[in-house]
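*Asks:* Okay, here's the prediction I keep looking at, along with the sequence it came from:
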Amino acid sequence: MRSIQRFAFLAPGFFLGSSFALIFMGGEWTDIAVHGAETGGISISRPKNDPNQTRETSVLWDETPVRKAVADLEQQSGWTIWLDRRIDPAFPISGAFQDAPADLILQETFFSDDRRVSRLPDDLLFAAPKSTVFLIRTLLTVKRQELREALSAADQKKWLTVRSVAWEHLTEPKAILEKIADSMKLEIRDLSKFPHDLWPERAPMDISGLDAVLLILVQFDLTLEFTSSGAQIVPLDPKSILISRTYSASDISEDQLAEVQKLPGTRTVRKGSKLLVRGTLEAHEALAGGSASGTSRKSGTAKQSRTPQNTARSYGLKPGETVSGTVKGPFLPYIKALCSQYGLTLSADESELRSAGIDPSKHVEVTADKATLEELFSMMAEEAGCDAELNGPTLTIRPAK
């Protein structure tokens, strides 16, 4: 049996590894910035124009610090992943995925009561506090519109041109903003008032000047205000960036209306045959038949943990097929990952488990020898003090009777 670092699960056609190949994602680019005396080096250059597409990848994390996990996932997948400064870089995450896209992997492992992941343009994943992720796509959209209304076509192009941006360890974000402004030959007013901070290194990422500046500022509850005289840093008022639109009330179903009313900051007013909605971009996408795509998953009950069916790829076993190998790892995170891999829906009330004295992240170790999937789940559950019941596509985990 192949040993994969700390723990492994081996099944027919199944491989999970925590050792990542480092893949060079770009061509040559020319550094046009200088190394400051008091800050780390900052590079603003032409975009990499990488012909490679983002790739599905396999990961296995066992309480891996989120900063290391994100760096590894970015190298392996070709996605750009930006971790908000307010997220503890040592926060441990666990999960196991095979041939899954980076956005799914990060969404499933990073999600919590106060953390979310937003998928932004140019294959950028922004992992941040929930309150920020709920607003970030709306903020980028509103500021683009504000920029187009306030600035000349030439200045708009400077802000919207994609550049490759990178910086070294212990770089001040204020210095990054200054270099971005210099590269655009534009001024950002009130930069002198920007708070001091030191950031870890950032590998080259392709991003527009506008998005880079907004994503830096939002981490300090700041944003840009565009007027005919240029751009100025101002405090971020979440209410000021909400979008108002009017709909025909007859075109909106009760289910759609109920969905958007659950989204933070959404207000709806019915006037005769018209429905006025003020809310985030996600709210208006839901009314247009879309979904709350800017966050990792819709807000819902925090008690029941559910793994979406077929979100990455279905790996259901064929009749008579069995698995062999060893499982070592945190119980419920590993169960979640296996359900995702095999296209199963997981029903597990973590509060109920804790009330019964069961740690959902308890480390279990079981060895399967030609076991069915149901037998494997039962072995893992027994080790954790639980019962496992596989009924069709649904796996239920509950405290042992």
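*Replies:* Okay, I see it.
*Asks:* from memory G279 sits against V269, does it?
*Replies:* No: at 11.7 Å, G279 does not count as touching V269 under the criterion of Cβ atoms under 8 Å. Just so you know, the C-beta spots here come from the backbone N, C-alpha and C atoms, and that holds for glycine as well.
*Asks:* Output the lowest mean pLDDT helix or strand found in this structure.
*Replies:* strand 304-305 (a mean of 32; mean pLDDT, DSSP states H and E).
*Asks:* Direction included, what does whatever helix or strand comes next after that strand pair up with?
*Replies:* Taking DSSP states H and E as the definition, the helix or strand that follows strand 304-305 towards the C-terminus is strand 323-330. Sheet pairing of strand 323-330 (DSSP bridges) gives strand 363-371 (antiparallel).
*Asks:* Just the buried residues of whichever helix in the chain runs longest, please?
*Replies:* For the chain, the helix that runs over the most residues, judged by DSSP state H, is helix 130-150. Taking 16 or more other Cβ atoms under 10 Å as the basis for neighbour counts, the residues of helix 130-150 that come out buried are 130, 132-140, 142-144, 146-147, 150.
*Asks:* Please work out the average pLDDT along it.
*Replies:* When pLDDT is averaged over helix 130-150, the result is 96.
*Asks:* Low-confidence ranges, the protein, go.
*Replies:* Using pLDDT under 70 as the threshold, the predicted model of the chain has low-confidence ranges 1-40, 48-53, 289-321, 325, 340-341.
*Asks:* which SSE is the residue nearest the centre of the chain in?
*Replies:* The C-alpha lying nearest the average C-alpha coordinate of the chain belongs to V117 (Cα atoms, centre = their mean; 2.7 Å). Element membership for V117, per DSSP H and E: strand 115-120.
*Asks:* relative to helix 130-150, how tilted is that strand?
*Replies:* Using axes from the mean of the first three to the mean of the last three Cα atoms, to 10 degrees, the direction of strand 115-120 lies 30 degrees away from that of helix 130-150.
*Asks:* re earlier: how far away is the residue nearest to the centre of the chain from E74?
*Replies:* When distance is defined by Cβ to Cβ, to the nearest Å, V117 is 13 Å away from E74.
*Asks:* coming back round to it: quick check, nearest of the buried residues of helix 130-150 to E172?
*Replies:* When the buried residues of helix 130-150 are ranked by distance to E172 (Cβ to Cβ), T132 comes first, at 20.8 Å.
*Asks:* can you pull the contacts of the closest one?
*Replies:* T132 is in contact with 84, 86, 218-219, counting by Cβ atoms under 8 Å, 6 or more residues apart in numbering.
*Asks:* ranges for the helices of the protein?
*Replies:* For the chain, the helices identified by DSSP H occupy 66-77, 102-110, 130-150, 153-160, 173-184, 209-218, 254-261, 281-287, 331-341, 350-355, 373-384, in order along the chain.
*Asks:* Pull up the gap between the closest residue to A381 other than its chain neighbours and S347, please.
*Replies:* If the residues on either side of it in the chain are set aside, A381 comes closest to A388, at 3.7 Å by Cβ to Cβ, 6 or more residues apart in numbering. The spacing between A388 and S347, counted by Cβ to Cβ, is 11 Å.
*Asks:* Which of those two has more residues huddled nearby?
*Replies:* A388 (21 against 17; other Cβ atoms under 10 Å).
*Asks:* Just to check, the more buried one is in contact with E375?
*Replies:* No: no contact is recorded between A388 and E375 when judged using Cβ under 8 Å, the distance being 9.6 Å.
*Asks:* quick one: contacts for S355?
*Replies:* Contacts for S355 were tallied using Cβ under 8 Å, 6+ apart; there are none.
*Asks:* Give me the distance between it and M380.
*Replies:* Taken as Cβ to Cβ, the span from S355 to M380 is 20 Å.
*Asks:* Can you name the residues that contact K143?
*Replies:* 210, 214, 223-224, 226, 241.
*Asks:* for stretch 266-279, how far is the first residue from the last?
*Replies:* In stretch 266-279, first residue to last residue: 4 Å (Cα to Cα, to the nearest Å).
*Asks:* so what's I44 bridging to?
*Replies:* Bridge pairing for I44 (DSSP bridges) gives the partners V165.
*Asks:* Quick check: it touching V162?
*Replies:* No: taking contacts as Cβ under 8 Å, I44 lies outside contact range of V162: 11.4 Å.
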